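Peer 1: curious how this folds, go ahead:
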Amino acid sequence: MPVPTAAEFARLTALAAVHRPDQRDRVTIEETFTGAPLGEIPVGTVADVEAAFGRARSAASRWAARPARARSAVIERFRALVVRHRAELMDLVQAETGKARWAAQEEIMGLIFAARYFSRVAPKLLAPQRVPGAFPLVNRATVQHHPKGVVGVIAPWNYPMLLSIGDALPALLAGNAVVVKPDSSTPYSALAAADLLYRAGLPRDLLAVVPGPGAVVGTEIVERCDYLMFTGSTATGRELAVRCGRRLIGFSAELGGKNAMIVAAGADLDRAARAAVRACFSNAGQLCISIERIYVEAAVAEEFTAKFVAATEAARLGPAYDFSTDIGSLISARQLEVVSAHLADATAKGARVLTGGRARPDLGPLFFEPTVLDGVNDDMTCARVETFGPLVAVYPVADVDEAVRRAGDTEFGLNASVWAASPAEGEAIARRLRTGTVCVDEGYAPAWGTTAAPMGGMGQSGVGRRHGPDGLLKYTEPQSVVITRWMNLDAPPGVPPELWQRALMTLTRALRFLPGR
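Peer 2: Reported below is the predicted structural model:
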């Protein structure tokens, strides 16, 4: 298997923003497919975070002074380097996460999409914008955007490159410095992407990757940053929101989901069944926007379920650093325990396993078969709690109305998938759902890849958005500059105050006829 060499891991380790790494505690990072050691990463401390922020603040002012187009040029060079080194990056992502090759490529594609979109739109979004002043001719108003300062990014393990450096890209383009805490089990993916940014011309002090435990490194980042981007669990997101609220700093988070797919009568069931395998079991189900609930109209429920089970059984499970498998490994013993516990709870309470349901230690220490259940009810943990693994339940429903109602019966609102007889019908159903994104005739990837559109959650699935204009402008402070010319609001000489105020009100009422008012 083409795992990166020990020398490459040693080179990446040296990029971690820690002082005197030779005198630090170190954590062994293991290859997920086999459990074999990949490398040792030094553990960051409060002092490391403090030093990283000190360097970042000094570098940020110089970076913000560069024209937006110059900053975009750096990110565009980074995009080209990602394309050139995509095979090595996929190897590294697979080694740390255990995902299948196509899912690793999906992550690299997301990084390319983000770099391309934000580097192209940043100069226009950040340019001063003229807006109507209070009184035409007298007032000239401009809105400009200042960078926040130093942005903190706390990244998860499931997409460790895209959700660390990918989230840093718009913050950097907005003129900020960034300090990243990668997940402790997947630091090398973030370091490898950071390395390409440095090679693209990004000043080293502007971006720091500080590995270490959340209770130490993460907490210190939250206490020092000027804005926080977090991806992870809803429970942790609530705690971080409270801390950010106390400091009155901005906060954006993509959190948990319990995402639903709706299959209406008249949908192409063969297409829907094949796509559902990707939608449910990408990265072994360890994806915030993957599907865990499928609601199928009763008229086609039996047929769809049979096709979905057959497509799931045809999916190739196993370790491979090529495209010969469809589903990879879970990332940790903890995730394996969660999936096993959810399955045991459901079957003990009457759910039926239609396919899967077994760990596969013959393939590797953390493999688990993609599993389809029916007969799941609300007494079962997996009905309402996010499993974050290869476990999905199929629910027959009377009609689309019931499907929409049950899909919305959750505290989460991250992603949904809709399959119907026509795109128009699918879109009509999609508009009834309270989720941040909805994919019609697909599972999640087109919505994620549409970087010009906002991506995020409603309800307990998150705050703020990544992607789209908001994905960049959230890292800025808008400032309004209004210039008054020729006269101010004082009454002209000789004009009685009452007459002047009456004239101002008359003018105010007349402004409604002007465009943009």
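Peer 1: for V372, what are phi and psi?
Peer 2: phi -120, psi 130 (degrees, to the nearest 10).
Peer 1: show me what contacts the spatially closest residue to it that is not a sequence neighbour?
Peer 2: Using CB to CB, 6 or more residues apart in numbering and skipping the chain neighbours, the partner closest in space to V372 is L354 (4.4 Å). Glycine gets a C-beta too; all of them are placed from N, C-alpha and C. L354 sits next to 305, 309, 372-374, 394 when contact means CB atoms under 8 Å, 6 or more residues apart in numbering.
Peer 1: L354 - that's part of a helix, no?
Peer 2: No - L354 is assigned strand when assessed by DSSP: H, G, I helix; E, B strand; the rest coil, not a helix.
Peer 1: quick one, grab the pLDDT at it.
Peer 2: In this model, L354 is scored at 98, pLDDT.
Peer 1: wait, which of the contacts of L354 is closest to F230?
Peer 2: Taking CB to CB as the measure, F230 sits nearest to L373 out of those, at 31.1 Å.
Peer 1: remind me what the helix or strand containing that closest one packs against, helices and strands.
Peer 2: Assessed by DSSP states H and E, L373 sits inside strand 371-374. Counting contacts by 3 or more CB pairs under 8 Å, 6 or more residues apart in numbering; DSSP states H and E, strand 371-374 packs against helix 298-314, helix 333-348, strand 352-355, strand 391-397.
Peer 1: quick one: contacts of the last one?
Peer 2: Residues lying outside strand 391-397 but in contact with it, judged by CB under 8 Å, 6+ apart, are 276, 280-281, 285, 291-298, 301-302, 304-305, 308, 339, 342-343, 346, 351, 354, 371-374, 376, 382-383, 403, 406.
Peer 1: phi, psi of the residue lying closest to F308 once chain neighbours are set aside?
Peer 2: Leaving aside its sequence neighbours, F308 sits nearest to A273 (CB to CB, 6+ apart; 4.3 Å). Backbone geometry at A273, expressed as degrees, to the nearest 10, gives phi -70, psi -40.
Peer 1: next up, the contacts around A273.
Peer 2: A273 neighbours (CB under 8 Å, 6+ apart): 304, 307-308, 310-311.
Peer 1: ok, V263 next?
Peer 2: V263 sits next to 269, 272, 294-297, 300, 304, 419 when contact means CB under 8 Å, 6+ apart.
Peer 1: now do the residue nearest to V372 against R130, distance only.
Peer 2: Counting by CB to CB, to the nearest Å, the gap from L354 to R130 is 60 Å.
Peer 1: for R71, same thing?
Peer 2: 23 Å.
Peer 1: neighbour count winner among these two?
Peer 2: R71 (22 against 9; other CB atoms under 10 Å).
Peer 1: for the more buried one, which non-adjacent residue is closest in space?
Peer 2: L173 (5.4 Å).
Peer 1: what about that neighbour, how many residues nearby?
Peer 2: Around L173 there are 24 residues (other CB under 10 Å).
Peer 1: wait, what's in contact with it?
Peer 2: So L173 contacts 68, 71-72, 75, 118-119, 122, 126, 472 (CB under 8 Å, 6+ apart).
Peer 1: hmm, try it at 10 Å
Peer 2: Going by CB atoms under 10 Å, 6 or more residues apart in numbering, L173 touches 68, 71-72, 74-75, 115, 118-119, 121-123, 125-126, 147, 472, 475.
Peer 1: now do N377
Peer 2: Counting by CB under 10 Å, 6+ apart, N377 has contacts 346, 349-351, 383, 393, 395.
Peer 1: what mean pLDDT does the longest helix anywhere in the chain get?
Peer 2: The longest helix of the chain (DSSP state H) is helix 101-126. Helix 101-126 comes out with an average pLDDT of 97.
Peer 1: now do stretch 48-67
Peer 2: 97.
Peer 1: just the CA coordinates for it, please, in CSV.
Peer 2: Provided in CSV are the C-alpha atoms of stretch 48-67 (Å, rounded to 0.1, in the frame of the first residue of the first chain):
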residue,chain,number,x,y,z
ASP,A,48,2.4,27.0,22.0
VAL,A,49,-1.0,28.6,21.3
GLU,A,50,0.1,31.8,23.0
ALA,A,51,3.2,31.9,20.8
ALA,A,52,1.2,31.1,17.7
PHE,A,53,-1.2,33.9,18.3
GLY,A,54,1.6,36.3,18.9
ARG,A,55,3.2,35.6,15.6
ALA,A,56,-0.1,35.5,13.8
ARG,A,57,-1.2,39.0,15.1
SER,A,58,2.1,40.5,13.9
ALA,A,59,1.8,38.8,10.5
ALA,A,60,-1.9,39.6,10.1
SER,A,61,-1.5,43.4,9.7
ARG,A,62,1.0,43.0,6.9
TRP,A,63,-1.1,40.4,5.2
ALA,A,64,-4.3,42.5,5.4
ALA,A,65,-2.4,45.4,3.8
ARG,A,66,-1.9,43.3,0.7
PRO,A,67,-4.4,43.9,-2.1
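Peer 1: mind listing what's buried in that stretch?
Peer 2: Residues of stretch 48-67 classed as buried: 48-49, 51-53, 55-56, 59-60, 63-64 (neighbour count, 16 or more other CB atoms under 10 Å).
Peer 1: before we move on, back to that, give me the buried subset of the contacts of strand 391-397.
Peer 2: 276, 280-281, 285, 291-297, 301, 304-305, 308, 339, 342-343, 346, 351, 354, 371-374, 376, 382-383, 403.
Peer 1: what's the most distant pair in the contacts of L173?
Peer 2: A115 and P147 (18.5 Å).
Peer 1: tell me which of the two has more neighbours.
Peer 2: A115 (29 against 23).
Peer 1: residues contacting the more buried one?
Peer 2: 72, 75-83, 165-166, 169-170, 173, 196-197, 200, 451.
Peer 1: that one and I75: what is the separation?
Peer 2: Distance from A115 to I75, by CB to CB: 5 Å.
Peer 1: need the overlap of contacts for those two.
Peer 2: Joint contacts of A115 and I75 (CB under 10 Å, 6+ apart) are 169-170, 173, 197, 200.
Peer 1: who wins for neighbours among these?
Peer 2: The most crowded member of the shared contacts of A115 and I75, judged by other CB under 10 Å, is P170 (33 neighbours).
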